[in-house]
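# Got a sequence here, can you build the structure:
(one chain, ligands or ions: 2)
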Amino acid sequence: MEGWPSDFVQIVAALVQNPYMGIVIVDKNGYVTVANDTYIHIVGKTRDEVIGKYIMDVTSNSQLPKILETGEVHIADYWPCNGHDLIVTRFPIYNKEGDLIGAVGKSLFLDLGDAKALAKKVADLEEELAFYRDAIKSVFSPKYCFDVIVGKSSKMARLKSMAEQVAQTGSTVLITGESGTGKELFAHSIHRSSPRAHYPFVRVNCAALPEHLLESELFGYEEGAFTGARKGGKPGKFELANKGTIFLDEIGDMPLPMQAKLLTVLQEREFERVGGTKPVRVDVRIIAATNCNLENLVEQGKFRADLYYRLNVVVLDIPPLRERLEDIPLLVQAILPRLNQRLNTNVTNVSSEAIQLLRKYHWPGNVRELENLLERAINLADLNNEKQLTAKHFPSLQKQNIENILIDKKGETLADAVEQLEKEMIRQVLKQTNYNKAQTAKLLGLHGSVLYRKLKKYNLG
Ligand SMILES: Nc1ncnc2c1ncn2[C@@H]1O[C@H](COP(=O)(O)OP(=O)(O)OP(=O)(O)O)[C@@H](O)[C@H]1O
Ligand SMILES: [Mg+2]
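Numbers count the residues shown, from 1 in each chain. Ligands and ions are numbered 1, 2, ... in the order given. Below is the predicted model of the structure:
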């Protein structure tokens, strides 16, 4: 620019650098004096092809010569250039004598280049996410959630309706019950029918990990937290469960020092990664489960009382199967098709005698044990091409029945137990012989009159 000291041109050149706006200054003859990198990028040339060159040679649709000619000011003029959409403001420059000495063009990106591509990518991802959320929603549609939990006994019905209600709140839930009663099933169902259903359900088995691993598993670690720590660190289960539910399974087995850390998270909803310094905030719902009696553990000093009270907000105590034997036919009905599908078998019926047998057992392993026994029975039946399960397909139960009597009668005298056994044997043989007393006496090796006496005693006649 005529009369501009070269240092001044440099200063102006530095001043006009701006990643979002292309700026060009021409002298009164239309030669480029200053152009910032963004402008050079817009016109798609090199610096040497722009600086000192006539503006129409730089970009053939430039409006700057018109400004030099007319002294007009153009504000927010739409200007497509080199595939970009731009909004341009142009104005003339005058010296203090009022002579026109040049013109400036400032172009604002409408498309913002990479930002636009990025915005499109985000929009595409959001669309994809919405699609998958819908897909997940249809798979885990809430109305099916509690339906997978079979049970019409009053205990189960009450428990299910309580779980359905509590699912809607964000309350901490403690699920207790013997092994195999369905604690995990309940935890899943609560999450799936809660407002958090579209966010993660993350299970942590507190019993499976040694203490030092449990901490980084739960809270994650920063890069370099310990030898072997992964580059970039690793998020813990609490972070992964953000906005969703964390399921702390077997919480009764959590080591005491970890219990203290967990308590802090429950209180503050905030924690630090292992080796980290800044707190991480999370929004998670907590469901814990155990087959231990936590109150006893508290008394024994193995479980922190304060943590117990924190967890003990809503308690779902799942009754053992032996306390809801009336659910057995329904459970069998629900489990059989699942097993047939998995085993590729077609055993669809269960005799009423077999159901009676199942209803007499005391089920220490609860529903999981029922599933296992049914699987074994299906295999036995399938070997003989039988479509129906009968008592003979449950050999362990027939033996177990006697054990049951003994277990049920634990603490009673030997004479009591022997009587129970005697009664049960007579009852079974009677049934076997279709209540033929002579045959029963013969099979049991008893004299007829002895049998009659016993039938009377046990009220079996
Ligand atoms: N009410 C029920 N209806 C249908 N299936 C059930 C029911 N309860 C349990 N099950 C099935 O029994 C098995 C054991 O259930 P689950 O794993 O939830 O038990 P759990 O209480 O967590 O046991 P553990 O304490 O041993 O971990 C699973 O296959 C589950 O699907
Ligand atoms: Mg479990």
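
# Number of residues surrounding the closest residue to ligand 2 within the stretch 101-250 of the chain?
Nearest to ligand 2, among the residues of the stretch 101-250 of the chain, is residue 184, at 4.1 Å (C-beta to the ion). For every residue, glycine as well, the C-beta is placed using N, CA and C. Residues lying near residue 184 (other C-beta atoms under 10 Å) number 15.

# Give me the three-state assignment for it.
helix (DSSP: H, G, I helix; E, B strand; the rest coil).

# Residue 291 versus that one, what's the distance?
11 Å (C-beta to C-beta, to the nearest Å).

# repeat for residue 211
21 Å.

# Of those two, which one has the most company?
residue 291 (18 against 11).

# In this structure that one contacts residue 183, no?
Yes. Using C-beta atoms under 8 Å, residue 291 makes contact with residue 183 at a distance of 7.4 Å.

# Common neighbours of those two, please.
176, 177 (C-beta atoms under 8 Å, 6 or more residues apart in numbering).

# Please tell me the pLDDT value assigned to the residue of the stretch 101-250 of the chain closest to ligand 2.
For residue 184, the pLDDT comes out at 94.

# Can you give me the distance of it to residue 178?
On the measure of C-beta to C-beta, residue 184 and residue 178 end up 13 Å apart.

# again, but for residue 217
Distance of residue 217 to residue 178, given as C-beta to C-beta: 26 Å.

# and what of residue 97?
Taken as C-beta to C-beta, the span from residue 97 to residue 178 is 99 Å.

# neighbour-wise, which of those two wins?
Using other C-beta under 10 Å as the criterion, residue 97 and residue 178 rank with residue 178 on top: 17 against 6.

# tell me the residue furthest from the middle of the chain?
Distance to the chain centre peaks in the chain at residue 97, reaching 73.8 Å (criterion: C-alpha atoms, centre = their mean).

# Now the common contact residues for residue 184 and residue 291.
With the criterion set as C-beta under 8 Å, 6+ apart, the contacts of residue 184 and residue 291 do not overlap.

# So which bits of the stretch 251-400 of the chain are right by ligand 1?
By C-beta under 6 Å from any ligand atom, the residues of the stretch 251-400 of the chain that approach ligand 1 are 291, 331, 334, 367, 368, 371.

# which two in the residues you listed are spaced the farthest apart?
Across those, the longest distance by C-beta to C-beta is 22.5 Å; it joins 291 and 334.

# Just the residues contacting stretch 49-59, thanks.
So stretch 49-59 is contacted by 24, 26, 29-35, 39-40, 43, 45, 62, 64-65, 81-82 (C-beta under 8 Å, 6+ apart).

# that older thread, just the element for the residue farthest from the centre of the chain, please.
Here residue 97 sits in a region with no helix or strand, counting by DSSP states H and E.

# Now do the same for it: its pLDDT.
With respect to pLDDT, residue 97 scores 87.

# What of residue 366?
So residue 366 comes in at 96 (pLDDT).

# how much space between it and residue 304?
Taking C-beta to C-beta as the measure, residue 366 falls 28 Å from residue 304.

# Return the distance of stretch 370-378 from the chain's centre.
30 Å (C-alpha atoms, centre = their mean, to the nearest Å).

# try stretch 121-133
19 Å.

# hmm, who's touching that stretch?
So stretch 121-133 is contacted by residue 198 (C-beta under 8 Å, 6+ apart).

# That one - what's its average pLDDT?
So the average pLDDT for stretch 121-133 ends up being 78.

# Quick one: residues contacting the closest residue to ligand 1 within the stretch 301-450 of the chain.
The minimum distance from the stretch 301-450 of the chain to ligand 1, using C-beta to the nearest ligand atom, falls at residue 367 (3.5 Å). Shown in contact with residue 367 (C-beta under 8 Å, 6+ apart): 180, 181, 182, 321, 331.

# let's see 10 Å
Taking C-beta atoms under 10 Å, 6 or more residues apart in numbering as the contact definition, residue 367 lies against 149-151, 179-182, 185, 318, 320-321, 327-328, 331, 334-335.

# Looking at the residues you listed, which are in helices?
If you go by DSSP state H, the contacts of residue 367 have 185, 328, 331, 334, 335 in helices.

# what residues are up against the first one?
So that's residue 185. 145, 146, 148, 149, 150, 175, 318, 367 are the contacts of residue 185 under C-beta under 10 Å, 6+ apart.

# try 7 Å
148, 149 (C-beta atoms under 7 Å, 6 or more residues apart in numbering).

# Quick check, central residue of the chain?
Centre-most residue of the chain, counting by C-alpha atoms, centre = their mean: residue 201, 1.9 Å.

# Could you check how far the residue nearest to that residue when sequence neighbours are not counted is from residue 161?
Using C-beta to C-beta, 6 or more residues apart in numbering and skipping the chain neighbours, the partner closest in space to residue 201 is residue 191 (4.5 Å). In this view, residue 191 and residue 161 are 17 Å apart by C-beta to C-beta.

# who's more crowded, those two?
Set residue 191 next to residue 161 and count neighbours by other C-beta under 10 Å: residue 191 wins out with 25 against 11.

# Surely that one and residue 200 touch.
No. Look at residue 191 against residue 200 with C-beta atoms under 7 Å: they stay out of range, at 9.0 Å.

# biggest separation within the contacts of residue 367, which pair?
179 and 334 (19.6 Å).

# Which one of these two is surrounded by more residues?
Using other C-beta under 10 Å, the more surrounded residue of residue 179 and residue 334 is residue 334, with 16 against 13.

# who touches the more buried one in this structure?
Per C-beta under 7 Å, 6+ apart, neighbours of residue 334: residue 150.

# quick one: the strands in the stretch 151-300 of the chain?
Listed in chain order, the strands of the stretch 151-300 of the chain (DSSP state E, counting those that start in this stretch) span 173-176, 201-205, 220-221, 234-235, 245-249, 270-271, 280-281, 285-290.
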